[in-house]
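Visitor: How does the following fold in three dimensions:
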Amino acid sequence: MTADRCPRPDCGGTVEDTGFCDTCFRRPDGTPRPVAPPPAGRRTTGGLRSLPVFEFPTRPAS
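Guide: Numbering: from 1, shown residues only. Model prediction:
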């Protein structure tokens, strides 16, 4: 495994397997951003995130 040096001029760190520098904790410019799948329990429409949907038990009428 060869570690790449961070390309930022103000940093002397190395880019880890995660894609982030171990010193400045930033991603090198020009690298694609990781895309995570949407979390379970949420619905997405047109790329917008909606609020989570919770189901609560109903209380008997008093």
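Visitor: Which stretches in this structure count as strands?
Guide: Secondary structure of the chain (DSSP state E): strands at 4-5, 14-15, 44-45, 48-49.
Visitor: any idea which of these scores lowest on pLDDT?
Guide: Set side by side, these differ in mean pLDDT, and strand 44-45 is lowest with a mean of 59.
Visitor: Check Pro9 and give its pLDDT.
Guide: 85.
Visitor: Would you check how far apart it and Pro60 are?
Guide: Pro9 sits 67 Å away from Pro60, going by CB to CB, to the nearest Å. Where C-beta positions appear, they are placed from N, C-alpha and C, glycine not excepted.
Visitor: and if you look at Phe25?
Guide: Counting by CB to CB, the gap from Phe25 to Pro60 is 53 Å.
Visitor: Name the residue in those two with the higher neighbour count.
Guide: Neighbour count, other CB atoms under 10 Å: between Phe25 and Pro60, Phe25 has more, with 11 against 4.
Visitor: Provide the count of other residues in contact range of Gly13.
Guide: Using other CB under 10 Å, Gly13 has 16 other residues around it.
Visitor: need the contact list for the residue lying closest to it once chain neighbours are set aside.
Guide: Nearest residue to Gly13, sequence neighbours excluded (CB to CB, 6 or more residues apart in numbering): Thr23, at 2.7 Å. Residues counted as contacts of Thr23 (CB atoms under 8 Å, 6 or more residues apart in numbering) are Cys6, Cys11, Gly12, Gly13, Thr14.
Visitor: Who are the contact partners of the last one?
Guide: Counting by CB under 8 Å, 6+ apart, Thr14 touches Ala3, Asp4, Arg5, Cys6, Cys21, Asp22, Thr23.
Visitor: Since that was my last question, I'll sign off now.
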